[in-house]
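> Next comes the sequence, and after it the predicted model I'd like to discuss.
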Amino acid sequence: MKTIYRAPDSIDAINQDILSVFLAGSIEMDKAVDWQKECEEVLSAKYVIFNPRRNEWNSDWEQSIDNVKFKEQVDWELNALEKADIIIMFFANNTKSPISLLEFGLYAQSNKMKVVVEENFWRKGNIDVVCEKYNIQQYKSLEELLQNLIKYKL
(Lines give C-alpha, C1' and ligand atoms only; values in the text may rest on other atoms or scores of the structure.)
Protein backbone atom coordinates (compact mmCIF):
# COMPACT_ATOMS: atom_id res chain seq x y z
CA MET A 1 0.00 0.00 0.00
CA LYS A 2 1.29 3.42 -0.96
CA THR A 3 1.78 5.73 2.03
CA ILE A 4 3.71 8.71 0.59
CA TYR A 5 1.97 11.11 -1.76
CA ARG A 6 3.73 14.04 -3.40
CA ALA A 7 2.20 16.77 -5.48
CA PRO A 8 0.62 16.15 -7.96
CA ASP A 9 -0.21 12.49 -7.02
CA SER A 10 -3.94 11.79 -6.83
CA ILE A 11 -5.17 11.68 -3.23
CA ASP A 12 -8.83 11.06 -4.00
CA ALA A 13 -8.87 7.35 -3.10
CA ILE A 14 -6.76 7.45 0.07
CA ASN A 15 -7.58 4.85 2.73
CA GLN A 16 -9.31 6.90 5.43
CA ASP A 17 -8.72 4.14 8.02
CA ILE A 18 -5.11 5.28 8.37
CA LEU A 19 -4.33 8.71 9.81
CA SER A 20 -2.72 11.14 7.39
CA VAL A 21 -0.12 13.85 7.93
CA PHE A 22 0.48 16.92 5.75
CA LEU A 23 4.06 18.25 5.81
CA ALA A 24 3.62 22.03 5.79
CA GLY A 25 6.43 24.47 6.30
CA SER A 26 9.65 25.85 4.95
CA ILE A 27 10.64 24.59 1.51
CA GLU A 28 12.66 27.54 0.22
CA MET A 29 15.22 25.96 -2.08
CA ASP A 30 18.85 26.35 -0.94
CA LYS A 31 17.71 27.75 2.43
CA ALA A 32 15.55 25.08 4.07
CA VAL A 33 16.89 21.58 4.59
CA ASP A 34 14.78 18.73 3.17
CA TRP A 35 13.14 18.09 6.54
CA GLN A 36 10.21 16.43 4.76
CA LYS A 37 12.45 13.48 3.83
CA GLU A 38 13.12 12.80 7.53
CA CYS A 39 9.38 12.93 8.22
CA GLU A 40 8.69 10.45 5.43
CA GLU A 41 11.32 8.04 6.77
CA VAL A 42 10.06 8.19 10.35
CA LEU A 43 6.29 8.36 9.82
CA SER A 44 5.43 6.44 6.63
CA ALA A 45 5.13 3.06 8.40
CA LYS A 46 2.32 4.44 10.58
CA TYR A 47 0.73 7.31 8.60
CA VAL A 48 -0.21 8.33 5.09
CA ILE A 49 2.07 11.26 4.22
CA PHE A 50 1.14 14.24 2.03
CA ASN A 51 4.38 15.94 0.96
CA PRO A 52 4.03 19.11 -1.13
CA ARG A 53 7.74 19.09 -2.09
CA ARG A 54 7.30 18.37 -5.78
CA ASN A 55 10.05 16.40 -7.52
CA GLU A 56 9.78 18.37 -10.75
CA TRP A 57 9.17 21.86 -9.37
CA ASN A 58 10.29 24.72 -11.59
CA SER A 59 10.83 28.02 -9.79
CA ASP A 60 10.48 29.82 -13.14
CA TRP A 61 6.78 28.94 -13.34
CA GLU A 62 4.66 32.06 -13.36
CA GLN A 63 2.72 32.20 -10.09
CA SER A 64 -0.60 32.78 -11.76
CA ILE A 65 -3.97 31.07 -11.67
CA ASP A 66 -3.59 30.84 -15.46
CA ASN A 67 -0.44 28.69 -15.15
CA VAL A 68 -1.73 25.11 -15.21
CA LYS A 69 1.24 23.57 -13.33
CA PHE A 70 1.28 26.28 -10.66
CA LYS A 71 -2.49 26.05 -10.10
CA GLU A 72 -2.24 22.24 -9.95
CA GLN A 73 0.35 22.57 -7.16
CA VAL A 74 -1.66 25.04 -5.10
CA ASP A 75 -4.90 23.07 -5.54
CA TRP A 76 -3.12 19.85 -4.52
CA GLU A 77 -1.79 21.49 -1.35
CA LEU A 78 -5.18 22.94 -0.40
CA ASN A 79 -6.92 19.60 -0.97
CA ALA A 80 -4.28 17.67 0.98
CA LEU A 81 -4.45 20.16 3.87
CA GLU A 82 -8.22 19.66 4.06
CA LYS A 83 -7.94 15.87 3.87
CA ALA A 84 -5.09 15.51 6.40
CA ASP A 85 -5.82 14.45 9.97
CA ILE A 86 -2.62 16.09 11.26
CA ILE A 87 -0.66 19.06 9.90
CA ILE A 88 3.01 19.33 10.80
CA MET A 89 4.03 22.98 10.45
CA PHE A 90 7.82 23.46 10.46
CA PHE A 91 9.31 26.96 10.28
CA ALA A 92 13.06 26.78 9.59
CA ASN A 93 15.67 29.36 10.51
CA ASN A 94 16.85 31.60 7.67
CA THR A 95 13.60 31.31 5.71
CA LYS A 96 10.62 33.60 5.22
CA SER A 97 8.07 30.88 4.31
CA PRO A 98 5.20 33.19 3.29
CA ILE A 99 3.00 30.38 1.97
CA SER A 100 3.56 28.41 5.18
CA LEU A 101 2.48 31.45 7.19
CA LEU A 102 -0.66 31.66 5.03
CA GLU A 103 -1.40 27.97 5.63
CA PHE A 104 -0.68 28.40 9.34
CA GLY A 105 -3.32 31.13 9.49
CA LEU A 106 -5.83 29.09 7.49
CA TYR A 107 -5.54 26.09 9.83
CA ALA A 108 -4.74 27.71 13.20
CA GLN A 109 -8.20 26.85 14.54
CA SER A 110 -8.45 23.39 12.93
CA ASN A 111 -7.14 21.34 15.89
CA LYS A 112 -4.90 19.54 13.36
CA MET A 113 -1.68 21.49 13.85
CA LYS A 114 1.59 20.48 15.47
CA VAL A 115 4.19 23.23 15.19
CA VAL A 116 7.96 23.58 15.32
CA VAL A 117 9.35 27.09 14.94
CA GLU A 118 13.12 27.35 15.15
CA GLU A 119 14.55 30.01 17.47
CA ASN A 120 15.71 32.41 14.75
CA PHE A 121 12.67 32.22 12.47
CA TRP A 122 11.86 35.83 11.61
CA ARG A 123 8.24 35.70 12.88
CA LYS A 124 8.65 33.27 15.79
CA GLY A 125 6.94 35.67 18.21
CA ASN A 126 3.81 35.88 16.06
CA ILE A 127 3.63 32.10 15.76
CA ASP A 128 4.13 31.63 19.51
CA VAL A 129 1.26 34.01 20.28
CA VAL A 130 -1.11 32.33 17.80
CA CYS A 131 -0.19 28.89 19.15
CA GLU A 132 -0.90 30.04 22.70
CA LYS A 133 -4.21 31.68 21.77
CA TYR A 134 -5.54 28.67 19.84
CA ASN A 135 -3.93 25.98 22.01
CA ILE A 136 -1.77 24.63 19.17
CA GLN A 137 0.80 22.04 20.21
CA GLN A 138 4.36 23.33 19.86
CA TYR A 139 7.58 21.32 19.99
CA LYS A 140 11.17 22.42 20.52
CA SER A 141 12.44 20.35 17.57
CA LEU A 142 11.25 18.30 14.64
CA GLU A 143 12.69 15.21 16.32
CA GLU A 144 10.54 15.80 19.42
CA LEU A 145 7.42 16.22 17.29
CA LEU A 146 8.16 13.05 15.27
CA GLN A 147 8.76 11.00 18.42
CA ASN A 148 5.43 12.24 19.78
CA LEU A 149 3.65 11.09 16.61
CA ILE A 150 5.36 7.68 16.67
CA LYS A 151 4.16 7.15 20.26
CA TYR A 152 0.66 8.42 19.46
CA LYS A 153 -1.95 5.67 19.88
CA LEU A 154 -4.33 5.29 16.96
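Great, that's in hand.
> Could I get the pLDDT score of the residue sitting nearest the centre point of the chain?
Centroid-nearest residue in the chain: Ala24, 1.5 Å away (criterion: Cα atoms, centre = their mean). pLDDT, Ala24: 97.
> Arg53 is in contact with that one, correct?
No. Using Cβ atoms under 8 Å, Ala24 makes no contact with Arg53, being 10.8 Å away. In this view, the C-beta of every residue, glycine as well, is placed from N, C-alpha and C.
> ok, how many other residues are close to Ile65?
Ile65: 9 surrounding residues under other Cβ atoms under 10 Å.
> Enumerate every residue touching it.
Lys71 (Cβ atoms under 8 Å, 6 or more residues apart in numbering).
> if we can go back for a sec, which neighbours do Ala24 and Arg53 share?
Shared contacts of Ala24 and Arg53, defined by Cβ under 8 Å, 6+ apart, are absent.
> if we can go back for a sec, ok, now which ones touch the residue nearest to the centre of the chain?
So Ala24 contacts 52, 81, 87-90, 100, 103-104, 107 (Cβ under 8 Å, 6+ apart).
> So which of the residues you listed is the closest to Glu119?
Comparing the contacts of Ala24 against Glu119 with Cβ to Cβ places Phe90 closest, at 13.3 Å.
> how close does the closest one get to Cys39?
Plainly put, Phe90 is 8 Å away from Cys39 if you go by Cβ to Cβ, to the nearest Å.
> and the two? which has more neighbours close in?
Comparing Phe90 with Cys39 by other Cβ under 10 Å, the one with more neighbours is Phe90, at 27 against 23.
> Brilliant, that's me finished.
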